[in-house]
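In: sequence and predicted structure, then a few things I'm wondering about:
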Amino acid sequence: MAVPIQAITVRMRRELEMKDSATKGGTGNNVAASAKDQEKGKEELQGIFVVRNGRAAFVQIESGIMGSTDIEILKGAQPGDTIVTGSFSVLRTLKSGTKVQIDNTPAVTSTPGT
């Protein structure tokens, strides 16, 4: 399976764990976190956002070979998943659980001289 390179994003483990803790009723703050846990929280995870029930969900992936526009996904995403793509700034600030709207209209590109 391959996805557009611009769909790939990186998140810190602690960002994702804070979101999970908040949705499970926790505060997301663990003052007694060990140094090992704090280091683990700084780990960068490569992934993509997929649409699940109308909301963005971060899925950690393992990538394979990369072409000029696409990247192979070895683990994480499934065939048939709706992948969220967009500009770097949008994907960089997107959070799991954010409501998304699917827009499959082709991008309009202008041709010089028209």
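Out: Received the coordinates, thanks. Residues are numbered from 1 along each chain as shown.

In: contacts, neighbours, all on C-alpha from now
Out: Will do.

In: can you map out the helices along this protein?
Out: Assigned by DSSP state H, the helices in the chain fall at 13-23, 35-41, 88-93.

In: return the member of those having the minimum mean pLDDT.
Out: Note on the helices of the chain: lowest mean pLDDT is at helix 35-41, with a mean of 63.

In: any weak-confidence spans in the chain?
Out: 19-41, 109-114 (pLDDT under 70).

In: longest single strand anywhere in it?
Out: strand 44-52 (DSSP state E).

In: what residues sit buried inside that one?
Out: 45-51 (16 or more other CA atoms under 10 Å).

In: what number of residues lie near the closest residue to Q101 other than its chain neighbours?
Out: Nearest residue to Q101 in three dimensions, chain neighbours excluded: G54, at 6.9 Å (CA to CA, 6 or more residues apart in numbering). Neighbour count for G54, taken as other CA atoms under 10 Å: 13.

In: pretty sure G54 is touching V100, no?
Out: Yes - G54 lies in contact with V100 (CA atoms under 8 Å); the separation is 5.8 Å.

In: common neighbours of the two, please.
Out: With contacts taken as CA atoms under 8 Å, 6 or more residues apart in numbering, G54 and V100 have no neighbour in common.

In: contacts only, for E72.
Out: E72 touches 1-3, 63-66, counting by CA under 8 Å, 6+ apart.
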